[in-house]
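Trainee: curious how this folds, go ahead:
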Amino acid sequence: MMAGTSPTAGAAVGYRPSATLPFGAEFRRQASRRRTQLALGFMVLLPLIILIAFQFDTGDDDDNGRGEFGSLVEFATSGGLNFTLFTIFVSASFLMVVVVALFCGDTVASEASWGSLRYLLAVPVPRARLLTVKLVVALVYSALALLLLAGTALLIGTLRYGWEPLRSTVAAQLEPGEGLLRLLGVLCYLAVVLLVVAGLAFLLSVVTDAALGAVGGAVLLWILSSILDQITALGALRAFLPTHYSTAWLGLLSTPVQTDDVVRGAISAISYATLFWGLAFWRFTRKDVTS
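Mentor: Next up, the predicted model:
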């Protein structure tokens, strides 16, 4: 037996797999990346852009559209809570999807494209731990992005339009305290729904060495699911699409609160995310890493 090795595992004395690639080190490493800074910065900037756009209101409401979007536009300037709700509404279907896909799809594929992945594994960092740390950091940044978007919108909306009740066409007027809780519920549900995007992007990040392919693939598949969900000829099959309950959060604004689709959507999202993450771990632990 060689000196300096464990008599049981053959590992160097003091080596602890659980101590490799600390969460804090990976978190700081990702924070220093330009894509992280730009993504988080844009989540702060978007509410400001929307606020400025509303200052050009000419009083012509004909272009607001109809349905839920039109009602949210109508109420957007009637209080900070309503402004936040409008910001979340216009961001949920695409911007949030892109940001989550960026954080989760870039995490492993970028290391492979830089040629640094094999060096991390040679440290050695156990493959399961490497994936776990990178996934957790990506999810934390995704949640931070959502909080920055909603928090900035609430702050500047309240400063500009005041702390007023939450209004919508699907609910009675909600007092600010209850309205804030409803918005938190909406944000939490969206975070759960976006776990599907996180899981799919993470799986593609493990499968491919191209970060852009992983991010773009996840976004395109989400859009494809949204398109298929609009085809009524699919009937009951649409309920199995990951995007079918993506707008169920509107039920959290109704009076009384409608939670049936919210529960179904949460179960669907968690199931899909767990499947994608499981496949990612299964694939990566068996993958021949050469990059």
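
Trainee: separation between Leu148 and Gly41?
Mentor: 9 Å (CB to CB, to the nearest Å). (Each C-beta comes from the backbone N, C-alpha and C, glycine too.)

Trainee: surely Gln258 is in a helix?
Mentor: No. Going by DSSP: H, G, I helix; E, B strand; the rest coil, the assignment for Gln258 is coil, not a helix.

Trainee: and for it, the neighbour number?
Mentor: By other CB atoms under 10 Å, the residues close to Gln258 number 14.

Trainee: one step back: between Leu148 and Gly41, which is the more surrounded one?
Mentor: With neighbours defined as other CB under 10 Å, Leu148 and Gly41 compare such that Leu148 has more, 19 against 11.

Trainee: which residue, neighbours along the chain excluded, lies closest to the more buried one?
Mentor: Taking CB to CB, 6 or more residues apart in numbering, and ignoring the residues beside it in sequence, Leu148 has Met43 as its nearest neighbour in space, at 4.5 Å.

Trainee: my guess is that neighbour meets Ala145, correct?
Mentor: Yes. Contact status for Met43 versus Ala145: in contact at 4.9 Å, counting by CB atoms under 8 Å.

Trainee: can I get stretch 184-199 in CSV, CA atoms only?
Mentor: Output in CSV follows, covering the C-alpha atoms of stretch 184-199 (Å, rounded to 0.1, in the frame of the first residue of the first chain):
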residue,chain,number,x,y,z
LEU,A,184,-46.3,35.8,-4.1
GLY,A,185,-48.4,32.7,-4.8
VAL,A,186,-48.3,33.5,-8.5
LEU,A,187,-44.5,33.9,-8.5
CYS,A,188,-44.1,30.6,-6.6
TYR,A,189,-46.3,28.7,-9.1
LEU,A,190,-44.4,30.2,-12.0
ALA,A,191,-41.2,29.1,-10.4
VAL,A,192,-42.6,25.5,-10.1
VAL,A,193,-43.8,25.5,-13.7
LEU,A,194,-40.3,26.7,-14.9
LEU,A,195,-38.7,23.7,-13.3
VAL,A,196,-39.7,21.9,-16.5
VAL,A,197,-37.6,24.3,-18.5
ALA,A,198,-34.8,24.0,-15.9
GLY,A,199,-34.9,20.2,-16.2
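
Trainee: pLDDT on that stretch, on average?
Mentor: Stretch 184-199 shows an average pLDDT of 96 in the prediction.

Trainee: any idea how many residues pack against Ser93?
Mentor: The local packing of Ser93 (other CB under 10 Å) involves 14 other residues.
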